[in-house]
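J.: got a predicted structure here, sequence first:
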Amino acid sequence: ELIAQLKKALKENRLEVRLKHFAKYKVLIIDEIGYLPIDKDGANIFFQLISKRYEKHSTIITTNTPFSEWSEIFGSPVLSQAILDRLLHHSHVILIKGKSYRLKEKLEFFSNSSKQQ
């Protein structure tokens, strides 16, 4: 949705205003980057946003995609490297491994159901 908003602003010749809007927040959380495909224009606009926020405000990114595969998300090894360079420079990377928290209750339910049968 973020990239769609920025692409719409580009078409309406107001991208800079929209970038400034998202750049002003002290913390911007971008959830599930790489879950949906990002085309070339979207990747370039995303880079502009990250560059505008770089060393000014905090950006939190969640993803299930390892950094080594980000060139597939953004369609360019050079662009993905530039994005990662800015994101990782002053970052704290938190890697969470394990079973899905969202599925925990369902897995427990099915586990208990099979024991009762």
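T.: Sure thing, it's come through.

J.: how far away is the residue nearest in space to the middle of the chain from residue 103?
T.: Centroid-nearest residue in the chain: residue 33, 2.9 Å away (criterion: C-alpha atoms, centre = their mean). Distance of residue 33 to residue 103, computed by C-beta to C-beta, to the nearest Å: 21 Å. C-beta here means a position set from N, CA and C on the backbone, and glycine is covered the same way.

J.: same check on residue 15?
T.: For residue 15 relative to residue 103 (C-beta to C-beta), the value is 39 Å.

J.: of those two, which one has the most company?
T.: residue 15 (17 against 10; other C-beta atoms under 10 Å).

J.: doesn't residue 45 make contact with the more buried one?
T.: Yes: using C-beta atoms under 8 Å, residue 15 makes contact with residue 45 at a distance of 7.1 Å.

J.: so what pLDDT did residue 111 get?
T.: Looking at residue 111, its pLDDT stands at 75.

J.: can you get me a residue count around it?
T.: Count around residue 111 with other C-beta under 10 Å applied: 9.

J.: which SSE is it in?
T.: Residue 111 belongs to helix 104-116 when elements are defined using DSSP states H and E.

J.: understood, closing this out.
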